Structure formats: C-alpha cells, structure tokens
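Asker: any chance you can model this:
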Amino acid sequence: MHNRFSEKWLATVCSLLPGVYSAVFLVPGQGNDQLHLLARWPDDLSQHQDFFAVAKYALKKRGEVCLPRAHVINEQALDYFAKPVYIRSRLAGVIAIKMKHLPASKHLGVFLSIKHSIRWLGLASVDKPESDPFYTSVVGLLASCFEQNSYQQGLMRMVAELTSQFNCERVAFAEMQGHHCDLVALSNSAEFDQRSNLVRKIADAMDEAVEQDGMILFPDKESKVIQRAHQELARKFGSGSIATIPLVTEGRVFGAITLMCSEESPLDDRTLDLCQQTLSLLTPFLALKRDQESSIFTKLGESLKRGLQGLFGVRHLQGKLLALTTAAMVTFASLAEGEFRVTANAVLEGEVQRVVAAPISGYLLSSSVRAGDIIEKGQEVAMLNDAELKLEMTRLNGRLQKARREYREAQSARDLVNVRVIKEQINQIDAEIELVQQQLQSIRLTAPFDGVVIEGDLSQMLGSPVERGDTLFKIAPLEGYRIILKVDEGLIAHIEKGQAGLLTLSSLSKQQFPLLVEQITSVAKAEDGANIFRVEASMPNAPALLRPGMEGIGKIYAGKERLIWIWTHEILDWLRLWIWSWWP
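Answerer: Coordinates of the predicted model:
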C-alpha cells in the first residue's frame, strides 16, 4: 500500500464528511497482531494514540464501530467511527475517524461514504506498481478531481483530465435533470451556451445512451443499439469516434459522459474499460459532493421528488396497495358513524334470593340437593342430626317426672312454700321441653319456594358441625332476573338510566337477550385489577333456559359516534391522561 496514495485517499474521505476533527489509517503488521500508522489527517496530527483502541475494537468485532460522545475537546463532544478495510478478502487496514457528534440516524451515511471510498483503495494494491498505466491514470484522475474546492471546479478538472489522458478532442459531462441530460461541463470551454447546436447534439447523444441503459460507441458496425443521435453529432462536427457512458449510482442515473475523438486516435476497448472503471469509482462521490453543496431548497425539492416517486412509482406495489387501503379505511372511519356500545362483563342474578341457614348448632346428617338443582316449595334440602336433642328430651322428661312426684308429696304434707317452688320448676322444665320439641321440628330444612339452588353443596360435609346461623344454601326463584354489568370506570360516563342493550351468555352464545339499564351504583369497586361500577339492568320476558349465576358479555347502546373514535377512544383517553400526568 503506497503511503502517498493512502494520505490522499484519507484526505479525500475527510473532505467528504462534514465535521471531521482528525482521522488515521492503520495497517496490520506481521501476523495482524499489531497496527501501524500509514496515513493521518491532518498532516500535522501528533496525538493519534487514542485511535488504536477503537481500531482494535473494530477488528475484534469484524465490523463497523461507532462510539458516540467518546471524547470531549473544548466542551465539544466527539464521536469515534472505525471500519476494517478488506481488499480482495484480505485485511488491508482499519480507518478510524474522530468527528463532531452526530445523531444515530446519520451514522449509516458516514459508514456508506467510507464503504464507497474503500473501492479506491483497491487501486493501490501492492500487486500494482506505480508505473502501471491503470494505477497512474485512475489514481491521478481521482486525486486531481478531489483536490478542487468546489463541485463545479471538480467537474471542470475531470473533463480536462479525461481529455488529456484519453487524447480526446472534447469531453462533456451532463447531469440527469428530470428525463433529459443537462450539460454542465465541457472541456476547453469555461462557459458555453446551452442553446448552441453543439451542446444540444451532445445532450441528444447522452439521452440516447441513457434511454438504452448502456454505453454507446460510434462507429460500431457490430452493435445493435440505436446510434442515430451519435451519427448526427459525428456528421455535423466531424468527430471520428464518439463514446457515451451513463453514470449510475444507488440504482439511479446520475448523469452521462461523452468522449469525442478524432479519426486519427479513435477510442478502443481498453480505453473504454479504463474510463468505465474510473467513472464507476468517481460517480458516487460526485453525487455526494453535489448534494453537500446544494441549497436547502434544492435538498428539500429532491427529497420531495424521491418521496413522490417512491409513493406513486411501481416499486413496492404490494406495500403501496396496503398503504392505500389503510388510508381509505381511515378516511371512511373518520367520516362514517356507527353505534357506540359500551361492553362489560355481566352476571345473571335472581331478583329475590333466600338464604337457608342452620336453625341450631348441631351436626349435618344428610343433604339431598346441591347448587344448580331445581327444587319445589317444602322439599327437604338437608337434615341435622337429632341424637343430642332426643337425649336432651329424655333427660328433661326424667326431671319432669321427679318434679311432679315432689310436688304431690309437698301437697300431701301441706307444705305450701315448697309447693310453689316445685310448681315453678315444673313450668321451667315444660318450657325447656317445648324448646327442644321445636328444635326437633326444625332439624329438617325445606325449600321456602320453588326455585333453583344457586349456592351450596354439603355432600362433602356430612357429619361436620354447623353453628346456628351458618348459611347452608342460597335459593333464587325461577322467574324474575336482574343483570349485573361490571362497567369500567373509564366508560361509566357514557351509561345512563333507561339505555337499552343486548346480553350474550357464555352458555347460550348463539342467542342475544335484550336488557334495560335500571340503576347505576355511585361507588366504584376494585375487581380483577380494575375499578368497576355495578350497573343493574332488567331483562323482560326472560326465557326458561336462564339460571342465576350465568355469566356473559353485555353491550349497552350509548348513541352514535364516528367509527374512528369508537375504535381509538380508549387508547386516546389513556394517552391523554398519561401525557397530562407527566406534563409539568
């Protein structure tokens, strides 16, 4: 790798990247375990040791590396960029650049410029001596073009160098403007008239090559491409050999070069190959240089033009159809109205619920029903063990017989005081016996009305103790239901008494039942991680298939709204609240 060329190459790369502070090009030593400085920019750079660490890091990762804000000089944050350079699959070195801090969106552009420039470096391979005509002509042309201060000066230098190196009479360069080539540089002419016959004929020849998407060489009898414009140019201005080469970068035509030579020194295949290789290396940087020097209005126009071409062109047709369909749907949803319905979880309850409780403390003897069973009025649902009550009755009867015998003995002895005391004891025992009899009558628990058991299953609790007042069953009638809707607090503002709706139950998902809002509770309740309001609704003409405890989904009609609001209002409400909570 030649030191002089490497320095020119590094200087050219730095000139194309705005905000570069310094840069180095490091090459590997024997065994690739050490790095040595080959080129630096600027030429008087003395402190370059900090580049070695980022260069080794890039080699370790085997790819591009960016370290944002890794260095600060005079309160100016600097970024490090590094990229290994491979030529013919062999490591040639590492380029490391220190430049003004850039946003992450512009990092790709920096690495893209470096990638384009690496193609130049292949020209300075150790396999090519500096006396090689390809090396000397191409490298000399590239270096001389980028030594110029402006894009226009670089173009003038380029056409002059091409004229000299390839022994041409004239060399013209044109940019692609719209669908036609616009001449911007002509050798041996600092200024020229766009309306002149020569310029118009050269532009026609360039359009001819661009439209056929390939190089045109005239005269070439074996070629099958159209050469009418080139033939007209040669006939009118006496050129013996004409070649036009379209310049392409990033998949689009950037411009074209036309070389006009005399009959004594016509263009040959070797010259054209050399010219094509040179221009393929030079074109990306010409485009980049022009973009850098363009005004802000020109950049905005180009960006808008590319955006419109991407939007209305034929590329990515499926994506565009999808975007068009999405836009049509959004437009329709913004204009059309639909029925806004508040959706909430629902549960079916009976209007009346009766609790069957344990009348006394005791032990469960039997249970004949469980939740979901249909029962009739007076049907036995459970029974308590009466063994203790019967023993208590036997004990009380024995006390009663003893008290009555003592009462007769006191009467025979005319002990009036004792007679009165014993008489009260007999009355007390009679009351206790009556209480036990009532308890014996209540140990058989029966249904208070026709209905369904909605809660209670004592089949696994036989023999277990129960306390007086314990709830054993809950029973609801088979007719007269109310619907409990659990409405989220964010939607309760849309609910009013008297609104209609529909109910779909999980067990009867194919049927929908009408409902009518009757009452809204004014207190929120936390349930399943959300605050909900309990809304009661009635169901007229409830079918016989319904049972208390059924669950489903209820929807309440809350008026007409635009479709886009119906689909997005929940997330917009959440976003509005979140923004407000963080707003200072």
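Asker: name the nearest residue to Leu335, ignoring sequence neighbours.
Answerer: Arg562 (7.5 Å; Cβ to Cβ, 6 or more residues apart in numbering). The C-beta positions use only the backbone N, C-alpha and C, and glycine is treated the same way.
Asker: what's opposite that neighbour in the beta bridge?
Answerer: Glu337 (DSSP bridges).
Asker: dump the residue contacts of it.
Answerer: Ala333, Ser334, Leu335, Ala336, Glu337, Gly338 (Cβ atoms under 8 Å, 6 or more residues apart in numbering).
Asker: next one: it from Val85, what distance?
Answerer: 58 Å (Cβ to Cβ, to the nearest Å).
Asker: what of Ala410?
Answerer: 130 Å.
Asker: neighbour-wise, which of these two wins?
Answerer: Val85 (21 against 18; other Cβ atoms under 10 Å).
Asker: for the residue nearest the centre of the chain, helix, strand, or coil?
Answerer: Nearest to the mean C-alpha position of the chain, counting by Cα atoms, centre = their mean, stands Ile571 at 15.1 Å. Under DSSP: H, G, I helix; E, B strand; the rest coil, Ile571 falls in the helix class.
Asker: got the contact list for Asp193?
Answerer: Asp193 makes contacts with Val199, as judged by Cβ under 8 Å, 6+ apart.
Asker: which phi and psi does it have?
Answerer: Phi and psi for Asp193, reported as degrees, to the nearest 10, are phi -100, psi 120.
Asker: report pLDDT for it.
Answerer: At Asp193, the pLDDT value in this model is 82.
Asker: please apply the same query to Lys390.
Answerer: 80.
Asker: chain center to the helix or strand hosting it, what's the gap?
Answerer: Assigned by DSSP states H and E, Lys390 falls within helix 387-412. The chain centre lies 88 Å from the centre of helix 387-412; the measure is Cα atoms, centre = their mean, to the nearest Å.
Asker: the chain should start at 41 in everything you say after this.
Answerer: Okay, residue one is now 41; in that scheme the one you just asked about reads as helix 427-452.
Asker: related to what we said a few turns ago, and the residue nearest to Leu375, what's its pLDDT?
Answerer: Looking at Arg602, its pLDDT reads 88.
Asker: quick one on the thing from earlier: buried subset of the contacts of Arg602 as a PyMOL selection?
Answerer: To isolate in PyMOL the members of those that are buried, counting by 16 or more other Cβ atoms under 10 Å, one can use:
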select buried, resi 373
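Asker: dump the contacts of Arg602 to a markdown table, plus pLDDT.
Answerer: Below are those laid out as a markdown table (pLDDT from 0 to 100):
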| residue | pLDDT |
| --- | --- |
| Ala373 | 85 |
| Ser374 | 85 |
| Leu375 | 87 |
| Ala376 | 88 |
| Glu377 | 87 |
| Gly378 | 87 |
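Asker: for Ser335, state which of the contacts of Arg602 is nearest.
Answerer: Ser374 (37.8 Å; Cβ to Cβ).
Asker: residue contacts, that closest one?
Answerer: Arg602, Leu603, Ile604.
Asker: for Cys315, see how far away it is.
Answerer: Ser374 is 57 Å from Cys315, by Cβ to Cβ.
Asker: what helix or strand is the closest residue to Met216 other than its chain neighbours on?
Answerer: In space, Met216 comes closest to Val293 once its chain neighbours are excluded; the distance is 4.8 Å by Cβ to Cβ, 6+ apart. In the assignment (DSSP H and E), Val293 maps to strand 292-301.
Asker: do me a favour and average the pLDDT over that strand.
Answerer: 89.
Asker: just stretch 197-215 next, same as before
Answerer: On average, stretch 197-215 scores 86.
Asker: try stretch 586-595
Answerer: On average, stretch 586-595 scores 85.
Asker: and the end-to-end length of it?
Answerer: 18 Å (Cα to Cα, to the nearest Å).
Asker: quick one: contacts of that stretch?
Answerer: Outside stretch 586-595, the residues within contact range by Cβ under 8 Å, 6+ apart are 381-390, 393, 411-412, 492, 494, 516, 521, 523, 525, 541-549, 555, 577, 579.
Asker: cutoff 7 Å now
Answerer: 381-390, 492, 494, 516, 521, 523, 525, 541-547, 555 (Cβ atoms under 7 Å, 6 or more residues apart in numbering).
Asker: next: stretch 516-524.
Answerer: 386-393, 489-492, 494, 543, 555, 574, 576-579, 582, 586, 588, 594.
Asker: show the contacting residues for Glu601.
Answerer: Glu377, Gly378, Phe380.
Asker: all strands of the stretch 291-440 of the chain, in order?
Answerer: Per DSSP state E, counting those that start in this stretch, the stretch 291-440 of the chain carries strands over the ranges 292-301, 377-390, 394-397, 402-407, 414-415, 420-424.
Asker: could you chop this structure up by domain?
Answerer: 43-159, 173-343, 394-513, 520-622 (automatic domain parsing).
Asker: mind checking those domains for the one nearest to Ala363?
Answerer: Here domain 520-622 is closest among these (Cβ to Cβ), at 17.1 Å.
Asker: now do the end-to-end distance for the closest one.
Answerer: 49 Å.
Asker: with stretch 400-415 instead?
Answerer: OK, stretch 400-415 end separation, Cα to Cα: 23 Å.
Asker: just the helices in the protein please.
Answerer: Listed from the start of the chain, the chain has helices (DSSP state H) covering 43-56, 90-101, 147-161, 173-186, 191-205, 237-251, 268-277, 309-333, 336-352, 357-375, 427-452, 456-482, 603-622.
Asker: what residues are up against the closest residue to Arg439 other than its chain neighbours?
Answerer: Leaving aside its sequence neighbours, Arg439 sits nearest to Ile469 (Cβ to Cβ, 6+ apart; 5.3 Å). Shown in contact with Ile469 (Cβ under 7 Å, 6+ apart): Leu436, Arg439, Leu440, Ala443.
Asker: surely the last one touches Ile466?
Answerer: Which is Ala443. Yes - using Cβ atoms under 7 Å, Ala443 and Ile466 qualify as a contacting pair, with a distance of 4.8 Å.
Asker: tell me where the model's unsure across the stretch 241-390 of the chain.
Answerer: 346, 348-356 (pLDDT under 70).
Asker: how about 90 then?
Answerer: Residue ranges of the stretch 241-390 of the chain with pLDDT under 90: 252-268, 270-282, 287-294, 301-380, 382-383, 387-390.
Asker: what number of residues lie near the nearest residue to Lys96 once chain neighbours are set aside?
Answerer: The shortest distance from Lys96 to any non-neighbouring residue, by Cβ to Cβ, 6+ apart, is to Leu75 (7.0 Å). Leu75 has 19 neighbouring residues, counting by other Cβ under 10 Å.
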